[in-house]
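In: can't give you the sequence, but here's the structure:
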DNA sequence: GGTTTCTATAACCATTTGGTTATATGTTAG
DNA sequence: CTAACATATAACCAAATGGTTATAGAAACC
């Protein structure tokens, strides 16, 4: 039996799915909306100028990316944002910024050395 | 004449392009690589198991997203990361997290009120 | 029980994406 | 000048994306 190691590290495909999911204005709006309050898919669908199945698909993309979760409640599916995944994406970008700052620090050190 | 207002706000299409560009492991690696040091496209191309034109296209996607800039140097095109765009994306996600925290704060306030 | 509502999914379509090979142009090196 | 190298771009292709309509199942309402 394989023990699923609950790695905090994001693998490449996971990151692909997260950024891909965020690369669409409707989906970003769904994330914002569900961060503020839990809503059903059909309630979400009312907000956008597209069919229910289109919104349903957007929610599925967000779910596969781990950005939202769905919870049955009677005939409805309540959509909840998953802030932890957003936080991980944010931290990934923060690490990119750190790489840049490390480079600047190296350049500064080199300049100080030469002076 | 239209004065181009240098808005710090990211419009939807700009954000689409940024996240879309980040949704590919090769492109994220190019960003990381160019954050550390400026490199030519052909130097980049050596690092990946794909043709030069494929890498050239990835760089073009990153450039359209404002994540890198290209600078001619003789026959080469030096690719530089644009950390400011990365920072903006990071801040956007930080705002999403803030929306979540605001909600928690509201719920906490409600609980305190009821107590 | 029948109707309505919410969800799920299939089938389809146009466009975009991410790769390829081939070719042309510009720049440097000898 | 010529050869080699770096870039750019066109044409092509398969797969993925983002939408549609149609259909079916499940839960709730009266």
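Out: Great, that's in hand. Just so you know, these numbers come straight off a predicted model, no measurement behind them.
In: is any part of the lowest-mean-pLDDT helix or strand in chain A close to chain B?
Out: Lowest by mean pLDDT, DSSP states H and E among the helices and strands of chain A is helix A:83-114, with a mean of 95. Yes - against chain B, helix A:83-114 shows contacts by Cβ under 8 Å from any Cβ of the partner chain at A:83, A:86-87, A:89-90, A:93-94, A:96-97, A:99-100, A:103. C-beta here means a position set from N, CA and C on the backbone, and glycine is covered the same way.
In: from the residues you listed, which single one is nearest DNA strand D?
Out: Within the residues of helix A:83-114 next to chain B, the smallest distance to DNA strand D is 16.4 Å, found for residue A:89 (Cβ to the nearest atom of the strand).
In: and the gap between the closest residue to residue A:88 other than its chain neighbours and residue A:90?
Out: Excluding its sequence neighbours, the residue lying closest to residue A:88 (Cβ to Cβ, 6 or more residues apart in numbering or on different chains) is residue A:10, at 5.9 Å. Relative to residue A:90, residue A:10 is positioned 12 Å away (Cβ to Cβ, to the nearest Å).
In: sec struct for the residue nearest to residue A:88, please.
Out: coil (DSSP: H, G, I helix; E, B strand; the rest coil).
In: from residue A:114, how far off is it?
Out: Distance from residue A:10 to residue A:114, by Cβ to Cβ: 39 Å.
In: who's more crowded, those two?
Out: residue A:10 (17 against 6; other Cβ atoms under 10 Å in any protein chain shown).
In: count of neighbours near the residue of chain A found nearest DNA strand D?
Out: Across chain A, no residue is closer to DNA strand D than residue A:74, which sits at 2.7 Å (Cβ to the nearest atom of the strand). Neighbours of residue A:74 under the rule other Cβ under 10 Å: 7.
In: tell me how far it lies from DNA strand C.
Out: Applying Cβ to the nearest atom of the strand, to the nearest Å, the value for residue A:74 to DNA strand C is 8 Å.
In: who's in contact with that residue?
Out: Contact analysis of residue A:74 by Cβ atoms under 8 Å, 6 or more residues apart in numbering or on different chains lists nothing.
In: let's have the residues of helix A:83-114 next to chain B in CSV, adding distance to residue A:65 and neighbour count.
Out: Shown next, in CSV, are these (distance: Cβ to Cβ, whole Å; neighbours: other Cβ atoms under 10 Å in any protein chain shown):
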residue, distance to residue A:65, neighbour count
A:83, 13, 20
A:86, 10, 22
A:87, 14, 15
A:89, 9, 26
A:90, 14, 19
A:93, 16, 21
A:94, 19, 14
A:96, 19, 21
A:97, 22, 16
A:99, 24, 17
A:100, 26, 20
A:103, 30, 15
